[in-house]
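Engineer: quick check, what structure comes out for this input:
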Amino acid sequence: MKNLFIVVLLVVTGITQSQTNFEKGMTKAFEFWNADKWDEAENMFERIANAEADEWLPNYYIAQMNSLKSWDEKDEAVIKAQLEKAQEHLDIAMMKSEDNVELLVMQAQIYTNWVAFDGRTYGMKYSAKVAQLYAEAVKLDPTNPRAAFCKADWDMGSARYFGKDPAPYCKDVEASIELFDTFKPKSDFHPNWGKERAEKTLAQCKG
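Structural biologist: Just a heads-up that it's a prediction; the model follows:
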């Protein structure tokens, strides 16, 4: 029995140590990111992803970083490399966590990046998928503010593209802000972005 206790203690200690390392690594990665050291942050997330086989968050943030970087990139080869890397890590995250609303939203974001990069080539391929992903995300979790806001934002953009009035979707943006106000992420490392964008979009609605 004593030997069994020692084995269990070692296992629990190992798990605790692993979690501590994960938390330290994630904290450091976010510190780099907040300091605008994107390369260092991405490298840290990659190290964590390689060390933590069951954690989807590091892969999620690698996908998000590459999605965000592609908005300001002009070089076609670089954009494609960034979005392919984003998709690679999102696929890994999806294998680690099924029916995850945050991952569905990020997939829609990546598809939107492709449409923004080359609408003629990727618009027909991805537009319907983006709408479907947001609808699925909202259905899975109606309280998730990112799903609600991004769906409303996409609907507004689609309305503008087809020459329709986007104003009817302003109420959906406003409703998403209420969700942001009450949303509590599962940890300090879980996704918690989007409120500022939603508030700017609503201000444009009212302007």
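Engineer: all contacts plus neighbour counts: C-alpha atoms, from now on.
Structural biologist: OK.
Engineer: pLDDT weak spots in this protein?
Structural biologist: For the chain, the stretches with pLDDT under 70 are 1-19, 207.
Engineer: show me where it has its helices.
Structural biologist: 2-34, 38-51, 57-72, 76-96, 101-117, 119-140, 145-161, 170-182, 195-206 (DSSP state H).
Engineer: among the ones you listed, which is nearest residue 188?
Structural biologist: For the helices of the chain, the distance to residue 188 is smallest for helix 2-34, at 8.9 Å, taking CA to CA.
Engineer: burial measure for residue 96, as a count.
Structural biologist: Residues near residue 96, counting by other CA atoms under 10 Å, number 15.
Engineer: that older thread, need the helices of the chain in JSON lines (columns: distance to residue 188).
Structural biologist: Output for those, formatted as JSON lines (distance: least, CA to CA, whole Å):
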{"stretch": "helix 2-34", "distance to residue 188": "9"}
{"stretch": "helix 38-51", "distance to residue 188": "15"}
{"stretch": "helix 57-72", "distance to residue 188": "11"}
{"stretch": "helix 76-96", "distance to residue 188": "18"}
{"stretch": "helix 101-117", "distance to residue 188": "15"}
{"stretch": "helix 119-140", "distance to residue 188": "22"}
{"stretch": "helix 145-161", "distance to residue 188": "16"}
{"stretch": "helix 170-182", "distance to residue 188": "15"}
{"stretch": "helix 195-206", "distance to residue 188": "16"}
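Engineer: quick one: residues contacting residue 150.
Structural biologist: 105, 134 (CA atoms under 8 Å, 6 or more residues apart in numbering).
Engineer: how far away is it from residue 128?
Structural biologist: Separation of residue 150 from residue 128 (CA to CA, to the nearest Å): 14 Å.
Engineer: repeat for residue 59
Structural biologist: 25 Å.
Engineer: looking at those two, which is more packed in?
Structural biologist: Neighbour totals were compared for residue 59 and residue 128, and residue 59 leads with 26 against 10 (other CA under 10 Å).
Engineer: would you mind confirming that the more buried one is in contact with residue 93?
Structural biologist: Yes - here residue 59 lies in contact with residue 93, judged by CA atoms under 8 Å, at a distance of 5.6 Å.
Engineer: and residue 155, how many neighbours?
Structural biologist: 19.
Engineer: surely it touches residue 169?
Structural biologist: Yes - Residue 155 lies in contact with residue 169 (CA under 8 Å); the separation is 7.0 Å.
Engineer: and stretch 145-162, how far from the chain's centre?
Structural biologist: The chain centroid and the centroid of stretch 145-162 are separated by 16 Å under CA atoms, centre = their mean, to the nearest Å.
Engineer: that'll do, ta.
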